[in-house]
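Colleague: give me a model of this one.
(one chain, ligands or ions: 2)
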Amino acid sequence: MANILKTHQSDWKYVSEGGATIVLSYIGPSRIPFDGKVLRLRKSKRQHPEVVDQLRDSRLDEAPDDPTIDFQSKCMARLIPPEHLPDLETVLLDDHWLEQLALLQDPHRPQSRREEDGIDFTRKKGVLATDLIGGNELSVEIKPKWGFLPQPAHLSLDTGPIKLRTCRFCMHNNLRAQRGQSLPMKYCPLDLFSGDINRVSKAISNLWDSWSKSESTINNLKIFARGKLLHPSQVNEMLSDPGDTSGSLDHIKSAFTSALLCCLMQTPVLQILSKLQRTLDVLDIEGLSSLWRRTLSSHPSLASESAPAIPLGVSSPFLSSPEPNIIDWETFIDSFLSPFSSGLDHLQPKAENIRYYLLAYLLSATVKDCSIIVRTDLLQLGKTSSKRKNTDSVTVIDLDPKKMDKLNKWEKLDAEIVNAYHNNGGSKICIDAWRG
Ligand SMILES: O=P(O)(O)O[C@@H]1[C@@H](OP(=O)(O)O)[C@H](OP(=O)(O)O)[C@H](O)[C@H](OP(=O)(O)O)[C@H]1OP(=O)(O)O
Ligand SMILES: Nc1ncnc2c1ncn2[C@@H]1O[C@H](COP(=O)(O)OP(=O)(O)OP(=O)(O)O)[C@@H](O)[C@H]1O
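Modeller: Numbers count the residues shown, from 1 in each chain. Ligands and ions are numbered 1, 2, ... in the order given. So this is what the prediction gives:
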């Protein structure tokens, strides 16, 4: 197993981060297995030193403390062709080494993130992954989010008309914009996932506009050139000749849209993600919640009216340890890929299949929250691409498992998003091209 002590902290360069992890790319002297790799490290909220010591002690055994690798190799690789997944391997960490790394790298992190969290020094293992943004190339990261409209069967009379017209992303963005948490966006995932060249092009153009207006603070589009995360003031660095100042911003946007469109129209990845999202979330959170309540009421100890209401996904007599382990996940994938799943009647889901539907929803949440990185040549002005080159690639990242304890939060968030949209008079029409 690779050991991080073979590298110096300055051999790593900050790339970017999300809510849960921070990613650095290897720029040190050529050394296997670090060449061409990024290091993905877990973050933790700022904590009292005593709590950190307790956590460190609890991780002294060599149990796999990052579920990413097992989950990708044993589950996701059965759903997404491995050529569209990064190579992952475990690396052993060292707390002192991590503390020094944090001192060196923190100044490169956004201030808002630094106030919230930092590298988790208690972790014994991290992940080395294929570096998808390095090299003399253009790498475009898109977080597409929810690519489907729900099936109507389990929606209420109040929510059905709203949820069947406007997609979850557009409604959520509306809520965030109302709260001043983000800019209103025209990007709609249903355009990106549509497979229709005009709509995919519109989605890319809308993402670009929001990227530009937000000063690249949106998390749905990140653009890297030659390994560097770009700000809208640096668009020239997307060009194969960054010194070429002949192109206007519109020229560069158009070359960018054309290059990305070409890759996205030819990759199977978007269709795979959209199909997984919709076939794993067949009941909608509303249908899952009513199945949960029906299952509870069928249990002898929970049937009486005075029995406490147990929120969705929370431990109960019929679901005593709800969080799935890797064996549970593998068993679930076996079922999902077997005739058992195609034989289920989702219009009348049975209480005995509650565990299947819960895990399916969790997995759909992973796929709704992942990102793709498209790698292609640096842009050449005046050249439109129509054929993907062999060197282009589309890779899916951030496929971590979600936890059962989130279901309750998602149920509340769903109601909040739909109510706010309704109260705000929203009526956008989002078209789901793949709706059966
Ligand atoms: O609920 P959503 O759709 O806002 O998604 C959350 C993401 O927000 P987004 O809408 O992409 O800005 C959120 O992204 P950011 O941290 O805001 O970049 C996380 O991905 C979060 O997942 P987790 O808590 O890190 O496991 C995501 O939470 P989950 O819903 O996937 O648990
Ligand atoms: N293999 C990779 N190569 C290059 N960059 C990567 C790679 N994996 C992740 N990144 C960069 O690091 C960022 C954070 O990674 P990731 O999305 O996995 O984090 P996260 O904390 O799980 O995100 P989220 O907030 O969505 O849960 C990504 O947005 C991407 O810019």
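Colleague: centroid-nearest residue for the chain?
Modeller: Among the residues of the chain, the one closest to the centroid is Cys370, at 2.1 Å (Cα atoms, centre = their mean).
Colleague: got phi/psi on it?
Modeller: phi -80, psi 170 (degrees, to the nearest 10).
Colleague: from Ser156, how far out is it?
Modeller: 29 Å (Cβ to Cβ, to the nearest Å). (C-beta placed from N, C-alpha, C; glycine too.)
Colleague: again with His231
Modeller: Counting by Cβ to Cβ, the gap from His231 to Ser156 is 44 Å.
Colleague: next one: Thr90
Modeller: For Thr90, the distance to Ser156 equals 46 Å [Cβ to Cβ].
Colleague: surely Thr376 and Ala259 touch.
Modeller: Yes - at 5.3 Å, Thr376 counts as touching Ala259 under the criterion of Cβ atoms under 8 Å.
Colleague: more crowded one of these two?
Modeller: Comparing Thr376 with Ala259 by other Cβ atoms under 10 Å, the one with more neighbours is Ala259, at 25 against 21.
Colleague: how deep is His108 tucked in, by neighbour count?
Modeller: 12.
Colleague: mind pulling up the pLDDT for it?
Modeller: For His108, the pLDDT comes out at 95.
Colleague: quickly list what the closest residue to it other than its chain neighbours is bridged to.
Modeller: Closest residue in space to His108, ignoring its immediate chain neighbours: Tyr14 at 3.9 Å, by Cβ to Cβ, 6 or more residues apart in numbering. With DSSP bridges as the criterion, Tyr14 is bridged to Leu24.
Colleague: in the stretch 251-400 of the chain, what residue comes closest to ligand 1?
Modeller: Proximity of the stretch 251-400 of the chain to ligand 1 (Cβ to the nearest ligand atom) peaks at Asp369, 3.7 Å away.
Colleague: report the contact partners of that residue.
Modeller: Going by Cβ atoms under 8 Å, 6 or more residues apart in numbering, Asp369 touches Lys143, Lys145, Asp398, Lys402.
Colleague: and the gap between the residue lying closest to Asp244 once chain neighbours are set aside and ligand 2?
Modeller: Leaving aside its sequence neighbours, Asp244 sits nearest to Leu381 (Cβ to Cβ, 6+ apart; 6.6 Å). Leu381 is 26 Å from ligand 2, where distance means Cβ to the nearest ligand atom, to the nearest Å.
Colleague: how many neighbours does Leu381 have?
Modeller: The tally of other residues near Leu381 (other Cβ under 10 Å) stands at 15.
Colleague: likewise Ile197?
Modeller: Neighbours around Ile197, by other Cβ under 10 Å: 12.
Colleague: test my guess that it contacts Leu261.
Modeller: Yes - taking Cβ under 8 Å as the definition, Ile197 is a contact partner of Leu261 at 7.0 Å.
Colleague: so how far is the first residue of stretch 180-197 from its last?
Modeller: Chord length of stretch 180-197, first to last residue, is 33 Å (Cα to Cα, to the nearest Å).
Colleague: which parts of it are buried?
Modeller: For stretch 180-197, the neighbour count (16 or more other Cβ atoms under 10 Å) marks Ser182, Met185, Tyr187, Cys188, Pro189, Leu190, Asp191, Leu192, Phe193, Ser194 as buried.
Colleague: what separation do you get for the one residue in the stretch 51-200 of the chain that gets nearest to ligand 1 and Tyr26?
Modeller: Distances between the stretch 51-200 of the chain and ligand 1 by Cβ to the nearest ligand atom are smallest at Lys143, namely 5.8 Å. Distance, Lys143 to Tyr26, by Cβ to Cβ: 24 Å.
Colleague: walk me through the domains of this structure.
Modeller: Following automatic domain parsing, the chain resolves into domains at 2-71+87-131, 134-436.
Colleague: give me the beta-bridge partners of the nearest residue to the residue of the stretch 51-200 of the chain closest to ligand 1 once chain neighbours are set aside?
Modeller: Of all residues not flanking Lys143 in the chain, Ser371 sits nearest, at 4.4 Å (Cβ to Cβ, 6+ apart). Ser371 has these beta-bridge partners by DSSP bridges: Ile397.
Colleague: who's in contact with Ser371?
Modeller: By Cβ under 8 Å, 6+ apart, the residues touching Ser371 are Glu141, Ile142, Lys143, Pro144, Val396, Ile397, Asp398.
Colleague: at 7 Å instead, please
Modeller: By Cβ atoms under 7 Å, 6 or more residues apart in numbering, the contact list for Ser371 reads Glu141, Ile142, Lys143, Ile397, Asp398.
Colleague: neighbour-wise, which of these leads?
Modeller: Counting neighbours by other Cβ under 10 Å, Ile142 comes out on top of those with 23 neighbours.
Colleague: that one against Asn220, yeah?
Modeller: Yes - using Cβ atoms under 7 Å, Ile142 is in contact with Asn220, at 6.5 Å.
Colleague: list the residues that contact both of those two?
Modeller: Leu207.
Colleague: apart from its neighbours in sequence, what residue is nearest Val127?
Modeller: Counting by Cβ to Cβ, 6+ apart, the residue nearest Val127 is Arg40, at 4.4 Å.
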